[in-house]
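A.B. asks: could you look at this predicted model? Sequence included:
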Amino acid sequence: MMRTLTLAVLLACATALLAASTPETAISGTDIVAAPHGRWYASAASNGQDFFTVWTDYRAGEFESVVGTRITAAGEVLDLTNLILGVGGTIERPQVVWDGGAYVVVWTQIGYDSATGRKPARLWMTRVSADGRIVSPARVIQDAATSGKSDFLASNGNVTVVAYLSEDPRTMSDVKALVLDRHGNVLYDQTLPTTNGPREDVNVATSGSDFVFAWTTYIGGEPYIEAASLDGNGEYLATSARIVGDGISSAIASNGSQYVIVARRVIGEPAWISRVVTAELASVSPTCQVAAGTTGLEDANVVFRNGQYDFIAWRPDPTPYDALVTTRVDLAGCATGGLRDLSTITVEVAYAMPAVATNGRSVIAVWTHSRAGEGRYDIAARIYSGTSQLGPATLPLLLSRSANTQRKVQIAHGNGETMAAWIEADGSVWAGRVGTGGRGIRLSTTAWDSVRTTFDGSNFVVAWSDGIEIFVRWIDPVNETVVRAHDINENNPGDLALATIAEATYVAWIDDFSRVRLARIGNGVAGVVSVTPQDDEVVLANPALSSNGSALLVGWTENFHPFFDPPISVPAKVWAARVTPQLTILDTAPLLVGDEPDIDAGPPAIASDGNDWLVVWDGDGLGVRARRVFRDGRLDGDAPTLLVKGFAPGIAFDGVRYAVAWQDLYGGGSDYRQRALRLGVIPATGSLGVSFGTSIAALDAWPAPASVARAGDGRVVVAYGRVSFGPEHGGVERGFLRFFDTSIARKSRATR
């Protein structure tokens, strides 16, 4: 029978087990760069002088953010790493408007439940001052509501109106208007009159007093633009809706007395037409052509400036270069000239979606931008001016910026110095001493997916792979310079493991034939041995490595894949084998450390007390397992021990006991980021059990397992990655560390 543990109840008044001897520290300095990953759905507004733009951002990788930045009329980007306005699961189409005292930002957020799937969307809101302060923290303003595609937000300085579609089963797909006061408080929720039929893309504009809404209604399967209106207090002005023409993808703007509604005729036809209406909807002008041609236009917007309207749209192009195009539109809604190119906006982009805003004199255009081969989507902007026609007033501006992302952070300690190694979003490998405030040194521009570091008694050793070769570098602990280098030619090595004995360095990996390989590098001489034979029916992965000073223990996982159709996979097992410093394999029949029915073992981690080894791993997210391997090759007990209900363990020996870090299991709440990184201690001998205390850090992404290293007797240093929303980082994953005194005992502990 597998030995299990029951977690003892920890009293709130109990003394913390592990005392942090240092606060959380960032592992290195920052450079401001283009933010990683993707972003789109931009929106822009002006306070009459400068501009503010917001968008949906995926820089944190595992979850989405509403991000914004302020831009002066002269084109100066004020918030270098952007303002993080909201964070959640699925965030769609944030919009921004100036309400006379602050910028109001509203967005749709969708949650998911593992049992029921998609939940009804909710509308969130925050308010940001002209100087970049959040004056109203993000909060839900309406349940069961989803916004339109764009321009669903308008303010006349008295009230702000949010146009949305209901997701309440009782009022499903109703067109609604949520009316907010100057502080963002909900005054009332209006249901607008509509014609029967499916509806989409609801938007709204204001003349500075009243409001007009436009949306698409499908009547008999054909799309029509429908309009409704509210007065300056957000109450009914026109008591019925009016169909103003056929079309889809409408945009709306006002010159202060009347409104122009611009729409694409139908899907597949490039012609864009307009209609002019008054707030009372008493009359509708004849259709006027805005843009036509053989090249289709997408995501058009329109703003009023200098007595006429500026029509701006995205034109996808058959070549890699898309463009923004513009024309002037008179008060009757008719184009006064042909389309002109404004900017080459993108290369290999999926969504351009330009947003526009005016301060009455200039126009800002904001769009999604990408460059071939860079693997990310940026937010770019440009300011245009001119009395009769728009012309560029600034060069294109990169808005989406942050600190560098740091992943797979690893830590080592020696000679009183601490060295961190990590991979950045562009695949570059970095290493640096902690506490110097420096940026560190870049060791490579290309890495595969893992980096490892250790201390050999004289220098720090860093190893990584680019998928073709394995690279090992020795770094002086004082001056941070590479003093030695060695490369191992190996086809398709994946994750690595690293250890040292005396002056020799050992690297383990899984090769292209699914064999566990171990290399010894000492005094410039390298040797390589296969710890396991080639076997085409198994998949080996996740190498781990630790030295007890006289031998090495290599660990790995195995997944058996018989050649069935369809193929099947049985749960992974944890194996280990001892190897001498001279690469003699002591366990030619590997040791089966973990083999539990229905448990798919995760990556193992190994540490040694100088005599035996302790192997820990994640049991399919069901808890951290552990088992001792004695120096003579015997296994402790009949089966692994369940230590704690967590996953992704890391381990080190502090000189007296083992320190193990793990991540809490997902608790099943509405926020899948509700997890903590914890640290506990395990005795070096005797029964396996974890004494544990408070969490080390709150984790809000899905980072790699924490790296734990000995930092002197009774102390360990723990390095981990988490998303940092501080202005110096700007919402990306960064590496942090803390030192802990593991010698402080506590009565509360996990018991059998």
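C.D. replies: Sure, I can see it.
A.B. asks: which parts of the stretch 301-450 of the chain are strands?
C.D. replies: Under the criterion DSSP state E, counting those that start in this stretch, strands of the stretch 301-450 of the chain are mapped to 308-315, 321-329, 340-347, 355-358, 363-369, 378-385, 391-392, 397-398, 401-403, 406-414, 417-424, 429-433, 441-444.
A.B. asks: just for the stretch 501-650 of the chain, where's the confidence low?
C.D. replies: Applying pLDDT under 70 to the stretch 501-650 of the chain picks out residues 524, 561-570.
A.B. asks: what sits up against the helix or strand where E200 lies?
C.D. replies: When elements are assigned from DSSP states H and E, E200 belongs to strand 199-206. Applying Cβ atoms under 8 Å, 6 or more residues apart in numbering, the external contacts of strand 199-206 come out as 147-156, 161, 163-165, 173, 175, 177, 211-218, 226, 248-254, 259. C-beta coordinates here come from the backbone N, C-alpha and C atoms, glycine included.
A.B. asks: same thing but at 7 Å, please
C.D. replies: If you take Cβ atoms under 7 Å, 6 or more residues apart in numbering as the criterion, strand 199-206 is touched by 148-152, 154-156, 161, 163-165, 173, 175, 211-217, 249-254, 259.
A.B. asks: buried only: go through those for me.
C.D. replies: By neighbour count, with 16 or more other Cβ atoms under 10 Å, the contacts of strand 199-206 hold 148-152, 154-156, 161, 163-165, 173, 175, 211-217, 249-254, 259 as buried.
A.B. asks: and those, which of them are in strands?
C.D. replies: 154-155, 161, 163-165, 175, 211-217, 249-254, 259 (DSSP state E).
A.B. asks: before we move on, back to that, which of the strands of the stretch 301-450 of the chain sits closest to D587?
C.D. replies: strand 406-414 (26.8 Å; Cβ to Cβ).
A.B. asks: same for the closest one, what does it pack against?
C.D. replies: Judged by 3 or more Cβ pairs under 7 Å, 6 or more residues apart in numbering; DSSP states H and E, strand 406-414 is in contact with strand 417-424, strand 451-455, strand 707-710, strand 715-724, strand 732-741.
A.B. asks: let's see it at 8 Å
C.D. replies: Packing contacts for strand 406-414, counted by 3 or more Cβ pairs under 8 Å, 6 or more residues apart in numbering; DSSP states H and E, involve strand 417-424, strand 451-455, strand 460-465, strand 707-710, strand 715-724, strand 732-741.
A.B. asks: let me know the angle separating it from strand 460-465.
C.D. replies: Interaxial angle, strand 406-414 versus strand 460-465 (axes from the mean of the first three to the mean of the last three Cα atoms, to 10 degrees): 150 degrees.
A.B. asks: given strand 406-414, what are its sheet partners and their directions?
C.D. replies: The strands beside strand 406-414 in its sheet (DSSP bridges) come out as strand 417-424 (antiparallel).
A.B. asks: who's in contact with the partner strand?
C.D. replies: With Cβ under 8 Å, 6+ apart as the test, strand 417-424 has contacts from 27-28, 404-413, 429-435, 440, 447, 449-453, 455, 460, 462, 464, 475, 477-478, 709, 711, 717, 719, 735, 737.
A.B. asks: what do you get for stretch 573-586?
C.D. replies: With Cβ under 8 Å, 6+ apart as the test, stretch 573-586 has contacts from 501-502, 504, 516, 518, 520, 527-529, 531-532, 550-558, 587-588, 590-595, 601, 604, 606, 613, 615, 617, 625, 629, 633.
A.B. asks: can you give me the end-to-end span of that stretch?
C.D. replies: Stretch 573-586 has its terminal residues 20 Å apart, counting by Cα to Cα, to the nearest Å.
A.B. asks: quick one: contacts for the residue lying closest to G75 once chain neighbours are set aside?
C.D. replies: Leaving aside its sequence neighbours, G75 sits nearest to T394 (Cβ to Cβ, 6 or more residues apart in numbering; 3.4 Å). Residues in contact with T394 (Cβ under 8 Å, 6+ apart) are A74, G75, R382, I383.
A.B. asks: just send those residues back as CSV, with neighbour count and pLDDT too.
C.D. replies: Listed next are those as CSV, based on neighbours: other Cβ atoms under 10 Å; pLDDT from 0 to 100:
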residue, neighbour count, pLDDT
A74, 10, 97
G75, 17, 97
R382, 22, 96
I383, 22, 97
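A.B. asks: which two of the residues you listed have the greatest separation?
C.D. replies: Farthest pair in these (Cβ to Cβ) is A74 and R382. Separation: 12.7 Å.
A.B. asks: what is the burial count for the residue nearest to D511 when sequence neighbours are not counted?
C.D. replies: Distances taken as Cβ to Cβ, 6+ apart place R517 nearest to D511, at 5.0 Å, with adjacent residues excluded. Using other Cβ atoms under 10 Å, R517 has 22 other residues around it.
A.B. asks: one more: N359?
C.D. replies: Neighbour count of N359, defined by other Cβ under 10 Å: 19.
A.B. asks: what separates it from S458, distance-wise?
C.D. replies: Applying Cβ to Cβ, to the nearest Å, the value for N359 to S458 is 62 Å.
A.B. asks: is the closest residue to T22 other than its chain neighbours in a bridge, and if so with what?
C.D. replies: Of all residues not flanking T22 in the chain, F739 sits nearest, at 4.4 Å (Cβ to Cβ, 6+ apart). The bridge-partner assignment for F739, based on DSSP bridges, gives V717.
A.B. asks: F739 touches A711, doesn't it?
C.D. replies: Yes. Proximity of F739 to A711 meets the contact threshold set by Cβ atoms under 8 Å, at 5.9 Å.
A.B. asks: which residues do these two both contact?
C.D. replies: The contact sets of F739 and A711 overlap at V717 (Cβ under 8 Å, 6+ apart).
A.B. asks: quick revisit: put together CSV for the strands of the stretch 301-450 of the chain, with distance to P649 on each row.
C.D. replies: Converted to CSV, the strands of the stretch 301-450 of the chain look like this (distance: least, Cβ to Cβ, whole Å):
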stretch, distance to P649
strand 308-315, 48
strand 321-329, 48
strand 340-347, 43
strand 355-358, 46
strand 363-369, 40
strand 378-385, 37
strand 391-392, 55
strand 397-398, 40
strand 401-403, 28
strand 406-414, 15
strand 417-424, 19
strand 429-433, 24
strand 441-444, 27
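A.B. asks: closest to Q289 out of the ones you listed?
C.D. replies: For these, the distance to Q289 is smallest for strand 321-329, at 10.1 Å, taking Cβ to Cβ.
A.B. asks: which parts of that closest one are buried?
C.D. replies: For strand 321-329, burial by neighbour count (16+ other Cβ under 10 Å) applies to D322, A323, L324, V325, T326, T327, R328, V329.
A.B. asks: check contacts around the closest residue to the first one other than its chain neighbours.
C.D. replies: Right, D322. Leaving aside its chain neighbours, D322 sits nearest to T346 (4.8 Å; criterion: Cβ to Cβ, 6+ apart). Each residue near T346 by Cβ under 8 Å, 6+ apart is listed here: Y321, D322, A352, W367, T368, H369, S370.
A.B. asks: swap the cut-off to 7 Å and go again
C.D. replies: Counting by Cβ under 7 Å, 6+ apart, T346 makes contact with D322, A352, H369, S370.
A.B. asks: so which of those residues comes closest to L83?
C.D. replies: H369 (19.8 Å).
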